[in-house]
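Q: Based on what follows, work out the 3D shape:
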Amino acid sequence: MIVIPAIDLRGGRAVRLLRGDPAAETAYADDPVEVASRFQEDGARRLHVIDLDAALEQGDNRDVLREICQAVAIPVQIGGGVRSMPDIQAVIDLGASRAILGTAAALDPALVARAVEEFAERVLVAVDVRGGHVMVKGWQDEGPELEPAIAALEDAGAPRYLVTAIARDGTLDGPDLRLYKQVLALTERPVIASGGVRTADDIWALRDEGCEAAVTGKALYEKTLKLSQVIRG
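A: Sure thing, here's the model as predicted:
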């Protein structure tokens, strides 16, 4: 089980949003590069970095993304506003090991097929779920229903999924195990879980469901979870 620390960027700072609401922001650090370096020192094997400004079409944090990739030796997966083949290439050029396709994947599975043909395992498909639907455009708009969306992405050859339970994101209320059980029944591809993790027990519950990895941010910032509890040599 891989635990992936999350760094969400907004206005150059490391922040967390509650359930993806831009009006419900908590700022945790003015220096996201230092945060990334600290996670690496604590034993993280990968980082998850989202450009919220790009996702919300309010600018971008490209310079900070590049600095993070240059500052750490571990792989970095980058998302937020990645909606085209040039966008994928751009984040890979910044140093990302994986580019996260969200809105574009849900609305245009054919793009996923083209992206996988070009970039293979470097494509990570984000499926952001609320109320049985995949949410798009920074989680602000409702997209397709979950099951047909997964079916279309399967047909497109999505190599791996990042599934976020939006209602749990930033809440520390525990992961939505029912959602992951549902998704894992629809695919044999690896699934990364995100949203609601509070403690090490939540990590082990996701592992037992069959998830490959878990992304967690707030639990690490609020210190309800330490990487040392869930990272084994």
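Q: Checking Pro159 next. Helix, strand or coil?
A: Classification of Pro159 using DSSP: H, G, I helix; E, B strand; the rest coil returns coil.
Q: export the worst-scoring helix or strand of the chain on mean pLDDT as PDB, just CAs?
A: Lowest by mean pLDDT, DSSP states H and E among the helices and strands of the chain is strand 21-29, with a mean of 87. Provided in PDB are the C-alpha atoms of strand 21-29 (Å, rounded to 0.1, in the frame of the first residue of the first chain):
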ATOM      1  CA  ASP A  21     -15.100  24.400  -2.300                       C
ATOM      2  CA  PRO A  22     -12.800  27.400  -3.300                       C
ATOM      3  CA  ALA A  23     -14.500  29.500  -0.600                       C
ATOM      4  CA  ALA A  24     -13.500  27.000   2.100                       C
ATOM      5  CA  GLU A  25      -9.700  27.200   2.000                       C
ATOM      6  CA  THR A  26      -7.200  26.500   4.700                       C
ATOM      7  CA  ALA A  27      -3.600  27.700   4.000                       C
ATOM      8  CA  TYR A  28      -0.900  25.400   5.500                       C
ATOM      9  CA  ALA A  29       2.400  26.700   4.100                       C
END
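Q: ok, that strand: who's next to it in the sheet?
A: In the sheet, strand 21-29 lines up against strand 13-18 (antiparallel) (DSSP bridges).
Q: Now the strand it pairs with: buried residues?
A: Neighbour counts over strand 13-18 (16 or more other Cβ atoms under 10 Å) mark 13-17 as buried. For the C-beta atoms, the positions are set from N, CA and C on the backbone; glycine is no exception.
Q: if we look at the least confident helix or strand of the chain, which residues are touching it?
A: Strand 21-29 is contacted from outside by 10, 13-18, 35, 52, 56, 138, 170, 218, 221, using Cβ atoms under 8 Å, 6 or more residues apart in numbering.
Q: Of the residues you listed, which is the nearest to Asp93?
A: Distance ranking of the contacts of strand 21-29 against Asp93, using Cβ to Cβ, places Leu52 first at 20.4 Å.
Q: Which residues are in contact with the residue nearest to that closest one when sequence neighbours are not counted?
A: Leaving aside its sequence neighbours, Leu52 sits nearest to Arg10 (Cβ to Cβ, 6 or more residues apart in numbering; 4.4 Å). If you count contacts by Cβ under 8 Å, 6+ apart, Arg10 has them with 25, 52-53, 61.
Q: Now, those that are in strands?
A: Of these, the ones assigned to strands by DSSP state E are Glu25.
Q: Reformat the contacts of Arg10 as a markdown table; add neighbour count and distance to Arg198.
A: Listed next are the contacts of Arg10 as a markdown table, based on neighbours: other Cβ atoms under 10 Å; distance: Cβ to Cβ, whole Å:
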| residue | neighbour count | distance to Arg198 |
| --- | --- | --- |
| Glu25 | 16 | 20 |
| Leu52 | 24 | 22 |
| Asp53 | 20 | 27 |
| Asn61 | 25 | 27 |
